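[1] The sequence and its predicted three-dimensional model are supplied below.
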Amino acid sequence: TTVYTIVIQGLCRAVRPIEAFELFMQMELEGHCSADAMTYNILIHGLCKNSEVGKARLLLKDMIEKGYGPDKYTYNTLISSLCKAGQMAEANRIADEMKANGCPPDIVTWNSLIDGLCKAGHADDAHKFLRHMTGSSTCSPDIISYNSVIAGFCKAGRVDEAMKIFEGMTAWGCPPNVRTYNILAWGFCQSFRVDDARQLFHEMIERGCDPDVVSYNTLIDGLCKTARVDEAYELFRGMLESDIAPSIATYNTLLAGISKSYTLEEVEHLFKDMKKRGCKPDRGTYNIMIHALCEEEEFVEGQRFLQAMIKDGYEPNVVTYNVLVRGLCQALKVDDAYWILQDMAARNCIPD
RNA sequence: UGUUUCUCUCUCUU
């Protein structure tokens, strides 16, 4: 059971939930060992995360029939998935069901609901809930509760209110962590207040909270999007000098950023550099490259990247097709755009 | 005791 469970988890992490499901079936059919509650929970999580909710529901039914009552992990997995899908009413229903079945909702449950509210654009409700928790002795908010609400305000473009919460959280026994700073920096960047984000970057260092790769990526992106690409590049070089390794997101951010003002040669140079440093391009990277090439009407080179993308095992997605179609139409190559649409259909990609 | 909750990057003057 342990070995099967580990492999099932590995497949889920590798975004191969169908294979995980098949392995689960195989395990049950062979009959040497059978799934326990943890196996179910891991698989339900993997399926939910990859929008295979139908299969997840089947598993849940199967789980109950086998006599494994859903536990807090099962409930929290379902609630969090529903929240992420914006199904707040259903999430609350499951939370009630959880209570009714003698499984008291815990901090993970509350945090999932708070985050769901924030992502659905109801940061005020989430904040109210947070304040309610702060006053209660049963379940105090933790750093994740605060981070979610802060992110909710940032997402709504209300970064000053987010800052207010940030300033008050330490007094409630919850000092900010690196994610808190990253969220706020992101919020400032979204509001085009990149200098405030920079300020925060220095502030976190002063307070003994070391910036991580996300902190750098956030600032680099903010600088790029406000046409301060040279400063972004400078920060990137600073990153290389420190002991923080750039991630794929770093390169994708910078590639997208420089492609607006630098030459194609420079963009392709950075792309090669990225590979040289052992960072494998992902689908986003290819989309960025194809976009940059289409903008310059370098469709042959774009085609080359498209092929490389497929060779690397990445199916083109809606973004890829949109970029190609837009580029071709702008170059008045409407027939080619038409064929791209056909290819899209052939690959079972739904146009938007 | 291994499973559940928070942050960054790709379409943008569509």
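    Sure, I can see it.

[2] burial count for residue A:240?
    12 (other CB atoms under 10 Å). Glycine gets a C-beta too; all of them are placed from N, C-alpha and C.

[3] host element of it?
    Assigned by DSSP states H and E, residue A:240 falls within helix A:229-241.

[4] Just the buried residues of that helix, please?
    Using 16 or more other CB atoms under 10 Å as the test for burial, helix A:229-241 gives A:229, A:231-233, A:235-236, A:239.

[5] farthest-separated two in the residues you listed?
    Maximum pairwise distance in the buried residues of helix A:229-241, criterion CB to CB, is 15.1 Å, between A:229 and A:239.

[6] that older thread, ok, and does the helix holding residue A:240 reach over to RNA strand B?
    No. Using CB under 7 Å from any atom of the strand, helix A:229-241 stays clear of RNA strand B, coming no nearer than 11.4 Å.

[7] Who are the packing partners of that helix?
    Judged by 3 or more CB pairs under 8 Å, 6 or more residues apart in numbering; DSSP states H and E, the packing partners of helix A:229-241 are helix A:213-225, helix A:248-258.

[8] Including mean pLDDT and mean neighbour count, could these go into JSON lines?
    As requested, the helices and strands packed on helix A:229-241 are exported to JSON lines (pLDDT from 0 to 100; neighbours: other CB atoms under 10 Å):
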{"stretch": "helix A:213-225", "mean pLDDT": "98", "mean neighbour count": "24"}
{"stretch": "helix A:248-258", "mean pLDDT": "98", "mean neighbour count": "22"}
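
[9] Tabulate those helices (CSV), appending distance to residue A:170.
    Below are the helices and strands packed on helix A:229-241 laid out as CSV (distance: least, CB to CB, whole Å):
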stretch, distance to residue A:170
helix A:213-225, 19
helix A:248-258, 29
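
[10] mind putting those helices in JSON lines, distance to RNA strand B included?
    Listed next are the helices and strands packed on helix A:229-241 as JSON lines, based on distance: least, CB to the nearest atom of the strand, whole Å:
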{"stretch": "helix A:213-225", "distance to RNA strand B": "3"}
{"stretch": "helix A:248-258", "distance to RNA strand B": "3"}
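
[11] Which of the ones you listed sits closest to residue A:117?
    Between residue A:117 and those, the shortest gap by CB to CB is with helix A:213-225, which sits at 23.4 Å.

[12] The closest one to helix A:248-258, inter-axis angle?
    Relative orientation of helix A:213-225 and helix A:248-258, computed by axes from the mean of the first three to the mean of the last three CA atoms, to 10 degrees: 10 degrees.

[13] what sits up against helix A:213-225?
    Here helix A:213-225 makes contact (CB atoms under 8 Å, 6 or more residues apart in numbering) with A:178-179, A:181-182, A:185-186, A:188-189, A:192, A:194, A:197-198, A:201, A:204, A:229, A:231-232, A:235-236, A:239, A:244-247, A:249-250, A:253-254, A:256-258, A:260.

[14] just the strands in the stretch 101-250 of chain A please.
    Counting by DSSP state E, counting those that start in this stretch, the stretch 101-250 of chain A has no strands at all.

[15] Get me the contact residues on it for RNA strand B.
    Within reach of RNA strand B by CB under 7 Å from any atom of the strand, the stretch 101-250 of chain A has these residues: A:107-108, A:111-112, A:115, A:143-144, A:147-148, A:151, A:178-179, A:182-183, A:186, A:213-214, A:217-218, A:221, A:247-250.

[16] tell me which residues of the host helix or strand of residue A:28 are tucked away?
    Using DSSP H and E, residue A:28 sits in helix A:17-30. Buried residues in helix A:17-30, counted by 16+ other CB under 10 Å: A:17, A:20-21, A:23-24, A:27.

[17] pLDDT score for the residue nearest to residue A:104 when sequence neighbours are not counted?
    Using CB to CB, 6 or more residues apart in numbering and skipping residues adjacent in sequence, the residue nearest residue A:104 is residue A:98, 7.8 Å away. On pLDDT, residue A:98 comes in at 94.

[18] Residue A:98 contacts residue A:74, correct?
    No. Assessed by CB atoms under 8 Å, residue A:98 is found out of contact with residue A:74, at 9.1 Å.

[19] Would you mind pulling the contact partners of stretch A:43-51?
    For stretch A:43-51, contacts defined as CB under 8 Å, 6+ apart pick out A:8-9, A:11-13, A:15, A:17, A:20-21, A:24, A:35, A:53, A:55-56, A:59-60, A:63, A:74, A:77-78, A:81, A:85.
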